[in-house]
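when you get a sec, could you give me coordinates for this:
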Amino acid sequence: MTDASTAVPAPRTPFSLTGSRALVTAASRGLGREIALELAGQGADVILGVRDPEGAADLVAELQAFGVTATAIRMDVLDLAACRAAIDAVTAELGPIDILVNNAGGGIDSPALEVTEEDFDHVWQLNTRSTFFVSQHVAKSMRANGGGAIVNVASQAGLVALPGEASYCAAKAAVVHLTRCLAVEWGEYGIRVNAVAPTFIETDGTAEALSDDAFRADTVDRIAALHRIGQPREVSGAVAFLASPSASLITGQTLAIDGGWTAR
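Model prediction:
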């Protein structure tokens, strides 16, 4: 029998998500893919919200290699009714969602004088409307199950002005403030709501813009402290932290992952 005074403490796994079930929207590529892999690597079962579940088969297999349950469901965040139905179906089969990552988003590169109503509405619906209503739907079951963690993928565009991206900046700024509002309102249910605000990250979504040498050089200069483009894992690790028990007293916050851009 081991003496209590000499017993070796159990390993500390502050970021462990074992036993949790996570839904990641827009998870087939880019940051969504990396976030899904990070959560699975920390032990969470992962539901991939994607437009083409069959096309996500390889990613599902990668996630399952971590020894977790993984599946893909059809989710187009512009079709909220279909999203709700898909979430209800998968949770009826697998159980309730403990972690929601609202990763879906995107913008247009257009001077403010040229943005159409259709452009503005599309960017708003893709980034802000979807974040609100997917969160609302998942939060109802989180409330019934004693809590959960929501992490919104905002952007440094929600914190600073980026010329040519007024509609995107406005939508992401709304996500930042929405994060605060939902955190305050849902805290009594044990639901934490936080956000990350990345700078330019090396993904397939930014590859075209960053392939322009002049644009890349200007971007690196504006990342005022570290002067380099970010890597997907530098975002996914922060998401896993905010979703984990180690962040149990953190809510309503937006973590800038920007290499110092907004500190300038």
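
report how many residues lie close to the nearest residue to residue 63 once chain neighbours are set aside.
What sits nearest to residue 63 in space, not counting adjacent residues and going by C-beta to C-beta, 6 or more residues apart in numbering, is residue 70, at 3.6 Å. Where you see a C-beta, it was placed from the backbone N, CA and C, and this is true even at glycine. Residues lying near residue 70 (other C-beta atoms under 10 Å) number 22.

residues in contact with residue 70?
36, 40, 45-48, 59-60, 63-64 (C-beta atoms under 8 Å, 6 or more residues apart in numbering).

give me phi/psi at it?
Residue 70 has phi and psi values of phi -140, psi 140 when expressed as degrees, to the nearest 10.

same check, this time on residue 49
Phi and psi for residue 49, reported as degrees, to the nearest 10, are phi -90, psi 110.

also residue 230?
According to degrees, to the nearest 10, residue 230 has phi -80, psi 160.

need the contact list for the closest residue to it other than its chain neighbours.
Counting by C-beta to C-beta, 6+ apart, residue 201 is the residue found nearest to residue 230 once chain neighbours are left out, at 4.3 Å. By C-beta under 8 Å, 6+ apart, the residues touching residue 201 are 30-31, 229-232, 234-235.

state the pLDDT value of residue 201.
On pLDDT, residue 201 comes in at 94.

quick check on it: phi, psi?
Dihedral angles for residue 201 - degrees, to the nearest 10 - are phi -120, psi 140.

cool, residue 260 as well?
Residue torsions, per degrees, to the nearest 10, at residue 260 are phi 100, psi 0.

okay, now the unreliable bits of the stretch 1-150 of the chain?
Scanning the stretch 1-150 of the chain for pLDDT under 70 picks out the ranges 1-6, 10-13.

show me where it has strands.
Assigned by DSSP state E, counting those that start in this stretch, the stretch 1-150 of the chain shows strands spanning 21-25, 45-50, 70-74, 99-102, 148-153.

what does stretch 48-61 contact?
Against stretch 48-61 from outside (C-beta under 8 Å, 6+ apart): 23-28, 32-33, 36, 63, 70-77, 83, 86, 104.

for residue 62, give me its contacts.
Counted by C-beta under 8 Å, 6+ apart, residue 62 has contacts 37, 40.

switch to 7 Å and redo it
residue 37 (C-beta atoms under 7 Å, 6 or more residues apart in numbering).

just residue 263 next, same as before
So residue 263 contacts 224-225 (C-beta under 7 Å, 6+ apart).

how close does it get to residue 119?
Using C-beta to C-beta, to the nearest Å, we find residue 263 at a distance of 31 Å from residue 119.

what's the top strand by length along the chain packed up against?
Longest strand in the chain, counting residues (DSSP state E): strand 191-198. Applying 3 or more C-beta pairs under 7 Å, 6 or more residues apart in numbering; DSSP states H and E, we find strand 191-198 packed against helix 130-144, strand 148-153, helix 166-186, helix 232-243, strand 254-257.

with distance to residue 54 and mean neighbour count added, can I get those in CSV?
Shown next, in CSV, are the helices and strands packed on strand 191-198 (distance: least, C-beta to C-beta, whole Å; neighbours: other C-beta atoms under 10 Å):
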stretch, distance to residue 54, mean neighbour count
helix 130-144, 22, 19
strand 148-153, 25, 27
helix 166-186, 30, 20
helix 232-243, 24, 22
strand 254-257, 32, 20
